[in-house]
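In: whatever this is, show me its structure:
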Amino acid sequence: MGQDQANSKLAKKTLFIFLLFGTVGQIAWCIENSFLNLYVYRTISTNLLTVSAMVASSAVVATLTTIIMGWVIDRSGRRRPFMVYGYILWGVSVMLFSLFSVSNMQDGLGASAETAVILASVGMVIMDCVMTFFGSTANDAAFNAYVTDNTNNKNRGRIEALLSCLAVVAYLLTFVPFEMGGVTTTKYYDASGNLLPSATGAVSSKPGNWTLFYCVLGAVVIIAGIAGFFILKNKGEYSVEKDAPAKKKLARFFSFDKEVSSKSDLKFKDLFYGFRPSVIKRNKYLYLVLATVMISYIANNCFSNFSAIYLQNTLKADDYIPVIGYLLPWGLSQGLAFVAGIIAGVMLDKTKRKKTVLIIPGIVASCLGSLVMYFTSPNFIKDVPVATLTLYCIGNFIQAMGSSMVAVVCLGSVRNLTPPDKTGRFQGIRMVFVVMLPMVVGSIVSGAVSSSDRYIVGVDEFGHDIYTCPPVMFLLAAIVVLLAIIPTIFLLKAKAEDLTTPAEGLTEETAESANEEIIAEAAADCDSDAPSGNSADEANAPDVLSDEAQGNGEETGEPAGKASEGTVEPVGDVSAESEQSNRELCSEGSVENAESGEASDPTEDSQNS
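Out: You can find the predicted model right below:
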């Protein structure tokens, strides 16, 4: 019991690293997932398909990056350099977003207004992909692998809940000071110069100070990367001598050095290791868990990318809530979801039953919350804005609570079911199910629906259509999340141990190596226990049996093969056959050697076996 409690506790420094890199990483992802959408909508184009294209393309880049860099990270055997340099470059890429604005395209390139919008839109999509590459390398591949390396199934539930809640913390740390402070908000004016609450009816506008926003938060990410130089230590990192030649260091870093090749023998085909049918079959419960969380996240992405726009333009929150506008209902619901995530994590770690039993309540809550947001929208409740906003908060909280329960259970199970020696390679699969498919499918569906001409509510000062987000996206989310029940049914039928232990405890390579060791040990046993007339051979033979075992063998008069039974551990079916064959050979060799007075050659025995 004491050992279990010790294993479930993390060192304070490790927890601090989780909090630092987790929070800063979520701040950067908050910029990518929410602020870039607002930036494009407010300063470049209100066409929601632009946002959908940006979200979908970055999701694909994130997945490919994690697959490739997961392989490279496993190949190198390191997490630290990818986290440190990755976060620094990630922060630099955040700062570069300030260059892509319509005014910069017009002033710097001399483009017309229409061309400037196109150039800025394309530039944002490309820059989003660049930022995503660095973020996926540093956070999705390296940091997530680092977390897996430094946790176990005793504490992963709480850690996963904590990391999930950091997303809410990051949103509060970015939205509150920059949106409430008016740094990123666009001010709209009518013909008389009066300030308007939204773009509708505006004849002029003044964009927020987005350059300040990108530079400040980009610097925060860079500082976290620099801090990693001093606080990060790579678990199981290959050591490199300080005075070693640069070529030696480079070879050791990428594990091309012969001294470490046996420890990190990954090949290019391992990039797609998790897509192999045989791997999927062996790890079926891992993929069922991933399928469950994928469906839940698709439901979330049906509306999450447009939630701020929905609150501002459909619910008109800025018209009824002074100063902070939509941030009050959004922050309230997300804050309550933060609490729900913590509760879900504690329930996950303390439940004595299969943890997957919490998935069904999570799915039901997520579906119910989505339906509440749909049926309490302006389509059904007219001219009662306060009631609509209040009911939206309630529905959003219920949905977020259910989604948190599903995420905490599934992502904790993913870490438990990930083979410890292949964490980097499986991070790519994790990205396919958790990021790429949910963001591509969810955002495209919502973008296509929301870009219908019937959802145009006006034009801005440049004559561009202003789109709103229809409440039907919540109905889509409710329908989609119910599909998660299908893989959950199979998880509920599984044994508890099948959901906490990686299926790949023994690979083919490991079994082959173990079989060779068994053959060599058994052959050595034959040589060491058989009567010998050559004292030099006896001295050189490995002493596999303990003195007690050897004594028992002599006292009982059993053959040497019998006495060595307890010292040879079979590995898999093939190993059992090898062991049985070796016993027979040892027994025969012992009798023959006893009669001839000659010791058997262990090398020859091994080859014969």
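In: buried residues in stretch 123-133?
Out: Neighbour-count burial for stretch 123-133 flags 123, 124, 125, 127, 128, 129, 130, 131, 132, 133 (criterion: 16 or more other Cβ atoms under 10 Å). (C-beta placed from N, C-alpha, C; glycine too.)
In: doesn't residue 420 make contact with residue 74?
Out: No. In this structure residue 74 lies outside contact range of residue 420 using Cβ atoms under 8 Å: 11.2 Å.
In: these two: who's more crowded?
Out: Neighbours per residue, other Cβ atoms under 10 Å: of residue 74 and residue 420, the larger number sits with residue 74, 24 against 12.
In: just checking, that one is part of a helix?
Out: Yes. Membership of residue 74 in a helix is supported by DSSP: H, G, I helix; E, B strand; the rest coil.
In: ok, back up a step: now render the buried residues of stretch 123-133 as JSON lines, adding pLDDT and distance to residue 434.
Out: JSON lines is the format used below for the buried residues of stretch 123-133 (pLDDT from 0 to 100; distance: Cβ to Cβ, whole Å):
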{"residue": "123", "pLDDT": "92", "distance to residue 434": "28"}
{"residue": "124", "pLDDT": "93", "distance to residue 434": "24"}
{"residue": "125", "pLDDT": "92", "distance to residue 434": "22"}
{"residue": "127", "pLDDT": "94", "distance to residue 434": "23"}
{"residue": "128", "pLDDT": "94", "distance to residue 434": "18"}
{"residue": "129", "pLDDT": "94", "distance to residue 434": "18"}
{"residue": "130", "pLDDT": "95", "distance to residue 434": "21"}
{"residue": "131", "pLDDT": "95", "distance to residue 434": "18"}
{"residue": "132", "pLDDT": "93", "distance to residue 434": "14"}
{"residue": "133", "pLDDT": "95", "distance to residue 434": "17"}
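In: among those residues, which are located in helices?
Out: Secondary-structure check on the buried residues of stretch 123-133 using DSSP state H: residues within helices are 123, 124, 125, 127, 128, 129, 130, 131, 132, 133.
In: got a list of what the third one touches?
Out: Residues in contact with residue 125 (Cβ atoms under 8 Å, 6 or more residues apart in numbering) are 50, 53, 54, 57.
In: least confident pick among these?
Out: Ranked by pLDDT, the contacts of residue 125 bottom out at residue 50, which scores 83.
In: what's downstream of the helix or strand encompassing it, the next helix or strand?
Out: Under the criterion of DSSP states H and E, residue 50 resides in helix 48-76. With elements assigned by DSSP H and E, the helix or strand that comes after helix 48-76 is helix 80-95.
In: which residues of the stretch 301-450 of the chain score low on pLDDT?
Out: 322-324, 334, 337-338, 341, 344-345, 347-349, 351-355, 423-425, 427-428 (pLDDT under 70).
In: in it, which spans are helices?
Out: Secondary structure of the stretch 301-450 of the chain (DSSP state H, counting those that start in this stretch): helices at 307-309, 317-320, 327-350, 359-375, 385-417, 423-431, 437-450.
In: and the contacts of the last one?
Out: Read it as helix 437-450. 48-49, 51-53, 55-56, 58-60, 294, 297-306, 467-470, 472-473, 476.
In: which among the residues you listed count as buried?
Out: 48-49, 51-53, 55-56, 58-60, 294, 297-306, 467-470, 472-473, 476.
In: picking up where we left off before, what packs against the helix holding residue 50?
Out: helix 36-39, helix 80-95, helix 113-135, helix 144-149, helix 423-431, helix 437-450 (3 or more Cβ pairs under 8 Å, 6 or more residues apart in numbering; DSSP states H and E).
In: about what we covered before: distance to residue 153 for the buried residues of stretch 123-133 - can I get that in CSV?
Out: What follows is these, written out as CSV (distance: Cβ to Cβ, whole Å):
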residue, distance to residue 153
123, 45
124, 41
125, 40
127, 40
128, 36
129, 36
130, 37
131, 34
132, 31
133, 32
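In: residue 415: which of those residues is nearest?
Out: Ranked by distance to residue 415 (Cβ to Cβ), these are led by residue 132 at 22.7 Å.
In: quick one: residues contacting that closest one.
Out: 32, 58, 61, 62, 65.
In: 6 Å - rerun?
Out: 58, 61, 62 (Cβ atoms under 6 Å, 6 or more residues apart in numbering).
In: list the contacts for the second one?
Out: If a contact means Cβ under 6 Å, 6+ apart, then residue 61 has 129, 132, 133 as its contacts.
In: in stretch 482-496, what counts as buried?
Out: Here stretch 482-496 shows 482, 483, 484, 485, 487, 488, 491 as buried, counting by 16+ other Cβ under 10 Å.
In: okay, how far is it across that stretch, tip to tip?
Out: 24 Å (Cα to Cα, to the nearest Å).
In: what's next to it, contact-wise?
Out: Residues contacting stretch 482-496 (Cβ under 6 Å, 6+ apart): 285, 288, 291, 292, 295, 296, 354, 356, 359, 363, 367.
In: closest one to residue 70 out of the residues you listed, please.
Out: Nearest to residue 70 out of the contacts of stretch 482-496 is residue 291 (Cβ to Cβ; 19.8 Å).
In: what about the closest one, which helix or strand?
Out: Residue 291 belongs to helix 284-301, assigned by DSSP H and E.
In: just want the angle from that helix to helix 385-417.
Out: With axes from the mean of the first three to the mean of the last three Cα atoms, to 10 degrees applied, the angle from helix 284-301 to helix 385-417 works out at 160 degrees.
In: tell me what helix 284-301 is packed against?
Out: helix 385-417, helix 437-450, helix 472-482, helix 485-493 (3 or more Cβ pairs under 6 Å, 6 or more residues apart in numbering; DSSP states H and E).
In: give me the mean pLDDT for the shortest one.
Out: Looking back up the chat, that one is helix 485-493. Rounded mean pLDDT across helix 485-493 is 91.
In: quick check: which element contains residue 160?
Out: helix 156-175.
In: continuing past that helix, what's the next helix or strand?
Out: Sequence-wise, the next helix or strand downstream of helix 156-175 (DSSP H and E) is strand 187-189.
In: from residue 67, how far off is residue 456?
Out: Distance, residue 456 to residue 67, by Cβ to Cβ, to the nearest Å: 40 Å.
In: more neighbours: which of these two?
Out: Neighbour tally, residue 456 and residue 67, criterion other Cβ under 10 Å: the higher count belongs to residue 67, 27 against 13.
In: how close does the more buried one sit to residue 430?
Out: 10 Å.
In: follow-up on the earlier one: other SSEs contacting the helix holding residue 160?
Out: Against helix 156-175 (3+ Cβ pairs under 6 Å, 6+ apart) you get helix 12-30, helix 327-350, helix 385-417.
In: name the residues of the shortest one that are buried.
Out: The reference is to helix 12-30. In helix 12-30, residues buried by neighbour count (16+ other Cβ under 10 Å) are 14, 17-18, 20-30.
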